[in-house]
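**Q** just to be clear, the model below is a prediction. Sequence and coordinates:
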Amino acid sequence: MPIRLDERLTAVAALAAGAEVLCDVGCDHGKLACYAVQTGRAERALATDISAPSLRKAAELAAETGVYDRVETRLGDGLDPVADGEADTVVIAGMGGDLIARILERAHAQGKNFRRLVLSPNTHPERVRAALAGTGYAIAADMRVRCSGKAYTVIAAERGEESLGELQLVFGKFFARDEEFAKSAAKEAEELAAALAEHPEAAGLKEKKALLERALKECGI
């Protein structure tokens, strides 16, 4: 049975391609882990989750798709069930940015290192980028993927030194040369200007508009 992923997880799987052992943290029903093994993007996979019922469904999917001997499920919080060196590639997708950052920082404090991280936070991508820089990872890819009418951040990082400016933390490492970002940022800046015309006292809107204008200047607009 071939597994189909949405646009977001398809992008995540592509960035994780070439893994010897892929660890999908918070795997839910195990679709990504099974897909990665089924399509040859990973030789083996560890599927971890804090939910035992989800792991049972992941194990069932592995059996249904014929990859049960190459997909192992483990119960636990974040990367706690995975030892240093057990996986070369880690995927964390579909969680808030604060939670992903805490998982990365906890693993770093435990002395765990991974060759490649592929992360897709639902919120606060700036927190994830800061955690990567603080735990010894450099961003190799930083993009937005549209899925079900929403834009999601997808980040890939590898071991290395990183220093990001404020605008890169907020909008992405490569925002200054991203034409799609420039278009959406210009539109959002216009919408904020209209909102401020009605609510000039809204300090939060002013700060966000000023940040967008600085980013647009970096884009040459």
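**A** Here it is on my side, so go on. Residues are numbered from 1 along each chain as shown.

**Q** what mean pLDDT does the longest helix along the chain have?
**A** Secondary structure of the chain per DSSP state H: the longest helix is helix 179-198. Across helix 179-198, the average pLDDT comes to 89.

**Q** now stretch 72-89
**A** pLDDT averaged over stretch 72-89 gives 96.

**Q** can you list the buried residues in it?
**A** 72-73, 78-82, 87-89 (16 or more other C-beta atoms under 10 Å). C-beta: built from backbone N, CA, C; applies to glycine.

**Q** and that stretch, end to end?
**A** 15 Å (C-alpha to C-alpha, to the nearest Å).

**Q** go on, stretch 64-74?
**A** 18 Å.

**Q** which positions in it come out as buried?
**A** 65, 67-68, 70-73.

**Q** and stretch 4-23, by the same measure?
**A** 5, 8-9, 11-13, 15-16, 19, 21-23.

**Q** circling back: how about residues contacting the longest helix of the chain?
**A** Helix 179-198 has contacts (C-beta atoms under 8 Å, 6 or more residues apart in numbering) with 144, 151, 171-172, 175, 202, 205-206, 208-209, 212-213, 215-216, 219, 221.

**Q** quick check on the residues you listed: which are buried?
**A** Buried among these by 16+ other C-beta under 10 Å: 144, 171-172, 175, 205, 208-209, 212-213, 215-216, 219.

**Q** including pLDDT, could these go into a markdown table?
**A** Shown next, in a markdown table, are the buried ones among the contacts of helix 179-198 (pLDDT from 0 to 100):
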| residue | pLDDT |
| --- | --- |
| Arg144 | 92 |
| Phe171 | 96 |
| Gly172 | 96 |
| Phe175 | 94 |
| Leu205 | 88 |
| Lys208 | 90 |
| Lys209 | 90 |
| Leu212 | 92 |
| Glu213 | 93 |
| Ala215 | 94 |
| Leu216 | 92 |
| Cys219 | 92 |
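
**Q** cross those residues against helices and list the overlap.
**A** 171, 205, 208-209, 212-213, 215-216.

**Q** identify the bridge partners of Leu119.
**A** Ile92, Ile155 (DSSP bridges).

**Q** distance of it relative to Ala176?
**A** When distance is defined by C-beta to C-beta, to the nearest Å, Leu119 is 21 Å away from Ala176.

**Q** neighbour count winner among these two?
**A** Neighbour tally, Leu119 and Ala176, criterion other C-beta atoms under 10 Å: the higher count belongs to Leu119, 30 against 18.

**Q** pLDDT score for that one?
**A** Model confidence at Leu119 (pLDDT) stands at 98.

**Q** in the protein, which spans are helices?
**A** Going by DSSP H, the chain shows helices at 7-15, 31-38, 52-64, 97-109, 125-134, 166-171, 179-198, 203-218.
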